[in-house]
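[1] this one's structure only:
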């Protein structure tokens, strides 16, 4: 009788171990798929340039990254900040603006009210 109980405990332990190992494998596969899909999504955005009408749809945050084809005049009109050059001492020449340049935007409040 004790041998039977012992065999049942061993059999139950083996089936539980087998079930838990399968659950662990499934969880690992699931997490791997999630990580893989997120890395594919983020890598598809790298190197993507913004062109054409997409420039007009970009938000004017306090920190602004210049897109391809943008000028300070365009950014100033769109964001309502006529003092971009004065507020960004790293811009030596207003004509020397390039994609990827980081600038500070401070919208001019009275100009926003007029629009």
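    That came through, no problem. If you're wondering where the values come from, they're calculated on a predicted model, not measured in any experiment.
[2] Could you check the pLDDT of residue 2?
    Per-residue confidence (pLDDT) for residue 2: 63.
[3] let me fix that: residue 99
    pLDDT for residue 99: 93.
[4] doesn't residue 71 make contact with it?
    No - with contacts counted by Cβ atoms under 8 Å, residue 99 stays clear of residue 71, the gap being 11.5 Å. Every C-beta, even on glycine, is put in place using the N, C-alpha and C of the backbone.
[5] low-scoring stretches of the protein, by residue?
    1-7, 20, 22-23, 25-26, 30-33, 37-58, 109-115 (pLDDT under 70).
[6] Sketch out the strands for it, chain order is fine.
    63-65, 102-104 (DSSP state E).
[7] Dump those into TSV; add mean neighbour count as well.
    Formatted as TSV, those follow (neighbours: other Cβ atoms under 10 Å):
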stretch	mean neighbour count
strand 63-65	14
strand 102-104	15
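[8] and residue 82, which of those is closest to it?
    Residue 82 lies closest, by Cβ to Cβ, to one member of the strands of the chain: strand 102-104, at 13.4 Å.
[9] which helices and strands sit right next to the closest one?
    strand 63-65, helix 84-87 (3 or more Cβ pairs under 8 Å, 6 or more residues apart in numbering; DSSP states H and E).
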